[in-house]
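>>> Using only what follows, build the 3D model:
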Amino acid sequence: MSEPNPSPLGGMKVVDLSKILAGPYVTMSLGDLGAEVVKVEHPEGGDPTRSWGPPFNGPDATYYLAANRGKRSVTLDLKSAGGQEAVHRMLEDADVLVENFRPGSSLAGLFDYRKLSERYPRLVILHISAFGDTGPLRDEPGYDMVAQASAGLMSLTGEPDGPPVKAGYAMGDLGAALFGLVGVTSALVERERTGRGQYVTTSLYESQLALHINWATGYFATGERPTRLGSGHPSLVPYQAYPAADGHFVIAVGNDSLFRRLVTALGHPEWADDPRFAANRDRVAHRTALNAKLESVLVDEPVAHWVDLLGPFGVPVAAIRTLDEVYACPQTAALDMVRTVEHPDVGPLQQVAFPVTFRGARPPVRSAPPTLGRHSRDVLAELGYQEQEIDVLLGESAAATHPQGA
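Below you'll find the predicted structure:
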């Protein structure tokens, strides 16, 4: 029996001082899970991703719209005394603070976790950085592309005879976001036992190392540098994209039984008895020869033919869908993964929902990504500021952004 509108983190309060993608994705996810999230942004432009376009949808870039739903936006100059005081008022009853201040920056010093933990002992603080809290690269700035390059992902992505390629998704940022989300929720569970919050850290770099999985253990075992395999798998063959007459599709053979089914369906059962191909370890050793045989057959018919032929044999096979095809797919609709929420400037705005259900129900998309500073007055009033104090505070932020004579 489903439970309408699950909100396992309902009642939790989150202060979001982060920007770009990793931190905002964490706080958006916490908001999807029911937490109340206040996003604090600089008065001039706010989160940089607001201008990371085209494409734009309304006043903001679609990049910003992807990671900031379910929040309220407040504009404050964090380097001003008034802005800092307002944040401290938020933290008095907050459960979680998320930030990605660059190590050694003035803001990292102003909101040092040691001072915050002493002042707010129940607070869970998540710090996301490029390279981690220690080490020779600690103070280096980093973007997703830098993480994908420096942590090895680009060395494993691309065709063997082509240049390194970054992943289509922002795997550096998103990897850190997902591990950060695990860290925050785990710290909240521990706080239920101990009554104390804690300082949680992760980075784009170390999250990529954690995602190396079998690439890492293969290297540890052999000492051999892995090379790019295109869509191929280092330990399974055939397990990659293959060309058909009208495009590409994937075959994923995970054991010898599936290989025999594949070659039987293709009309070449003798390939399963070839000592070069009979066992997976042999197929990996003779990947080039086997792929040449497969491609010589598969290129003669369109993708739909092979999907329809191989599926009934139980061979894992799939067409490579484009995003328009993915969002039109009945499976996507059945999972109710695309939700619509009202945006004050855009109107109906589609969002990809949180990918976890609770008792069969998916958390709702509660509100659209906020326009810059949309909730400043409401949030500041809730913090106890009077109307004149709010005018002064917001005026100070504007003055700091545009000093007289500048």
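>>> Which stretches in the stretch 201-350 of the chain count as helices?
204-210, 214-222, 256-265, 280-285, 287-298, 303-310, 323-327, 330-334 (DSSP state H, counting those that start in this stretch).
>>> which helices and strands sit right next to the third one?
Yep, that's helix 256-265 we're talking about. Contacting helix 256-265 under the criterion 3 or more C-beta pairs under 8 Å, 6 or more residues apart in numbering; DSSP states H and E are the following elements: helix 280-285, helix 303-310. For every residue, glycine as well, the C-beta is placed using N, CA and C.
>>> any residues touching that helix, and which ones?
Helix 256-265 has contacts (C-beta atoms under 8 Å, 6 or more residues apart in numbering) with 238, 251, 253, 269-272, 277-280, 283, 309-310, 313-316.
>>> Of those residues, select the buried ones using a PyMOL command.
Here is the PyMOL selection string for the buried members of those, based on 16 or more other C-beta atoms under 10 Å:
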select buried, resi 238+251+253+271+272+277+280+283+310+315
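>>> From one end of stretch 324-341 to the other, what's the distance?
Distance across stretch 324-341, first residue to last, is 20 Å (C-alpha to C-alpha, to the nearest Å).
>>> what do you get for stretch 149-167?
End-to-end distance (C-alpha to C-alpha), stretch 149-167: 10 Å.
>>> for stretch 252-260, same thing?
From its first residue to its last, stretch 252-260 covers 13 Å (C-alpha to C-alpha).
>>> pretty sure residue 37 is touching residue 71, no?
Yes: Residue 37 is in contact with residue 71 according to C-beta atoms under 8 Å; the separation is 4.3 Å.
>>> Excluding covalently adjacent residues, which one is nearest to residue 291?
residue 238 (6.8 Å; C-beta to C-beta, 6 or more residues apart in numbering).
>>> residues touching that neighbour, list them.
By C-beta under 8 Å, 6+ apart, the residues touching residue 238 are 251, 253, 259, 262, 283, 290-291, 294.
>>> Checking residue 162 next. Helix, strand or coil?
Secondary structure, DSSP: H, G, I helix; E, B strand; the rest coil: residue 162 is coil.
>>> could you measure it against residue 227, distance?
From residue 162 across to residue 227, the span is 12 Å (C-beta to C-beta, to the nearest Å).
>>> Give the residues shared as contacts by residue 37 and residue 71.
16, 27-28, 31.
>>> Let's have these in CSV, adding pLDDT and secondary structure.
As requested, these are exported to CSV (pLDDT from 0 to 100; DSSP: H, G, I helix; E, B strand; the rest coil):
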residue, pLDDT, secondary structure
16, 98, strand
27, 98, helix
28, 98, helix
31, 98, helix
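>>> And the buried ones among the residues you listed, selectable in PyMOL?
This is the PyMOL syntax for the buried subset of these, where burial follows 16+ other C-beta under 10 Å:
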select buried, resi 16+27+28+31
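>>> Output the shared contacts of residue 37 and residue 71 as a markdown table; include the columns distance to residue 189.
Below are the shared contacts of residue 37 and residue 71 laid out as a markdown table (distance: C-beta to C-beta, whole Å):
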| residue | distance to residue 189 |
| --- | --- |
| 16 | 21 |
| 27 | 18 |
| 28 | 20 |
| 31 | 19 |
